[in-house]
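predicted coordinates and the sequence they were generated for:
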Amino acid sequence: MPATDVLPGKRLSLADVEREAATVLDPVHADFFAGAAGDESTARANLAAFERIRLRPRVLRDVSARSLATSLLGRPNSMPVLLSPTAFHRLAHPAGEPATARAAEAAGVTMVVSMAATTRLEEVAAHTTRPWLQLYLQPDQDFTRHLVRRAGRAGYGALVVTVDSPVFGRRERDHRNGFHDLPGGLRCENLVDDAGVLRDIVMDAGLTWDAVARLRETTDLPILLKGVLHPDDARLAVEHGVDGLFVSNHGGRQLDGAIATADALPGVAAVVPQGFPLIVDGGVRRGIDVVRALALGATAVGIGRPVLWGLAAAGQDGVREVLELLRTELDEAMALCGARSPGELGPDVLAPHLSAPTGGTA
Ligand SMILES: Cc1cc2nc3c(=O)[nH]c(=O)nc-3n(C[C@H](O)[C@H](O)[C@H](O)COP(=O)(O)O)c2cc1C
Ligand SMILES: CCCCCCC(=O)C(=O)O
C-alpha cells in the first residue's frame, strides 16, 4: 500500500466534513442547510442519479501528466468546480462569506455570491477575483438594476439569475423548527436599500422571459440562468442571449419531485450550442461525480451544501478542505478513466446505455 498522509481522525471525504459540521451547527440551522422541499425526494434523487451512472474507463493512455485547469466565461479556473450560491454563510460560521471567498480564491475557483448573503457584495468581492452574483429578479425593477450596477462596480464577472423560484419551496423542516428569521445581528446585507431600509427578497411569480430580455438590455455582464431543467427552456435561454445555464433543481429545495440534475443534464446539453457554458449542481459529493457530469456534457459542476459544511466545520480552512478533497478525488478519477484533462472526458467513459444524450422532448 502506498504511504499516505492519512492520520487517524483526518477528514477523508465530503461526508466526513458533513458529519463534522453536524457536531457544531445549531440543529435548527443544520436543518435549514440540509433540508429540501416536501418529502425531500429530489434532494435524494440528485445523489442517487449520480451514483447510478457507471463509468467505463479507458486504459494505457499515458495519464502521467494531468491538468484540471479549465476556463469559465473566459476566466481561468483551477478545476471545473465552482461554489453555487448559498444564503446566510454567517449562520454556518461567524467569518461568513468573506471566509468562503478567500477559500475559493486560494483554490482558484469561482464563487457565486448569493443575493441573500449575510455580507455586502462589495465586501465579499474584496476577497476573491472571480465572484459572480446570484439574483432573484425583484418586482421593483429599479432595485434589481441597483444591484446589477453595484455588481458591475464591484468587479463581479457574471450575473446568475435564479429562475426556479416563482414561489418559495415549502421546506417542512424549517416550518417544524419555526425557522423564519435570522438570529440577532444577521441580515441579508444586500437587501438594505439606499435609504437604509432592509427589504424582503420577493419571489416574483409574475416573471416571464421578458424579464430576461430586459435584463439583457440593462447590462453587459454575462447572464446565466440557474434552475433550468427542460430542453425547451434551454433553447429559449439561448434565443434570449443568455451566456450560460445552471442545470439545477436548487438542491431539491424548490419543486419536490423535480428530475434529478444528472438525469436532466443530457437533454439540456443536446440542445445548446457546442461549448455553451453548462454548469450542473445538486448532489455533487465526489470527484467521480464531477467526471460523470463532464462526461454527460457539463462544463463544470457547482457545489452548495458541502461549502456550508466546510465553513461550519473549520471556517475558511474547512471550505478549502472541501475543495481540495474534491480536487484530489477528481484528479485520481480522471487518471483512472484514462483522461489527462477535463476536455478529454466525454460520453466515451460512460457505460453504454448512458452514453447517448436522451434529448428530453427535443
Ligand atoms: C442552505 C442553502 C441555501 C441556498 N441558497 C441559495 C440562494 O440564495 N440562491 C440560489 O440560487 N440557490 C441557493 N441554494 C441552492 C444552491 O445554489 C444549489 O443549487 C444547491 O445547493 C446544489 O445542491 P447541493 O447542495 O446538493 O450541492 C441554496 C442551497 C442551500 C442548501
Ligand atoms: C427570503 C430569503 C430567501 C433566501 C433564499 C435562499 C435560498 O435560495 C434557499 O434555497 O434557501
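That came in fine, so what should we check first? Ligands and ions are numbered 1, 2, ... in the order given.

how about the helices in the stretch 1-150 of the chain?
14-24, 27-34, 41-52, 89-92, 96-107, 121-125, 141-153 (DSSP state H, counting those that start in this stretch).

what's the most buried one of those helices?
A comparison of the helices of the stretch 1-150 of the chain by mean neighbour count, using mean count of other C-beta atoms under 10 Å, puts helix 89-92 on top with a mean of 26. Backbone N, C-alpha and C define where each C-beta goes, glycine included.

other SSEs contacting the longest helix along the chain?
Longest helix in the chain by number of residues, with DSSP state H as the criterion: helix 305-337. Contacts defined by 3 or more C-beta pairs under 8 Å, 6 or more residues apart in numbering; DSSP states H and E place helix 305-337 against helix 14-24, helix 27-34, strand 81-83, helix 89-92, helix 96-107, helix 287-295.

go with 6 Å
Contact here means 3 or more C-beta pairs under 6 Å, 6 or more residues apart in numbering; DSSP states H and E; on that basis helix 305-337 packs against helix 14-24, helix 89-92, helix 96-107, helix 287-295.

and it, which residues are buried?
305-316, 318-323, 325-327, 329-331, 333-334, 336-337 (16 or more other C-beta atoms under 10 Å).

and if you look at stretch 123-136?
For stretch 123-136, by 16+ other C-beta under 10 Å, it's Val124, Ala125, His127, Thr128, Arg130, Pro131, Trp132, Leu133, Gln134, Leu135, Tyr136.

stretch 161-169 too?
By neighbour count on 16+ other C-beta under 10 Å, the buried set for stretch 161-169 is Val161, Thr162, Val163, Asp164, Ser165, Gly169.

between these, which is nearest ligand 1?
Thr162 (3.6 Å; C-beta to the nearest ligand atom).

so in terms of bridging, what pairs with that closest one?
Beta-bridge partners for Thr162, by DSSP bridges, are Lys226.

surely it meets Leu224?
No - using C-beta atoms under 6 Å, Thr162 is not in contact with Leu224, being 9.9 Å away.

I'd assumed Val301 was in a strand, is it?
Yes - counting by DSSP: H, G, I helix; E, B strand; the rest coil, Val301 is found in a strand.

specify the local secondary structure of Phe246.
When classified by three-state DSSP, Phe246 comes out as strand.

burial check on the nearest residue to it once chain neighbours are set aside, number of neighbours?
Ranked by C-beta to C-beta, 6 or more residues apart in numbering and with sequence neighbours excluded, the top spatial neighbour of Phe246 is Lys226, at 3.7 Å. The number of residues packed near Lys226 is 24, by other C-beta atoms under 10 Å.

next: the one 3 residues further on.
The number of residues packed around Leu229, counting by other C-beta under 10 Å, is 23.

equivalent analysis for Asp193, please.
Residues near Asp193, counting by other C-beta under 10 Å, number 14.

tell me how many other residues surround the closest residue to it other than its chain neighbours.
Once flanking residues are discounted, Asp193 sits nearest to Arg199: 6.0 Å by C-beta to C-beta, 6+ apart. Residues lying near Arg199 (other C-beta under 10 Å) number 13.

count residues in the vicinity of the residue in the stretch 151-300 of the chain that ligand 1 sits nearest to, would you?
Nearest residue of the stretch 151-300 of the chain to ligand 1, counting by C-beta to the nearest ligand atom: Gly251, 3.0 Å away. For Gly251, the count of nearby residues is 26 (other C-beta under 10 Å).
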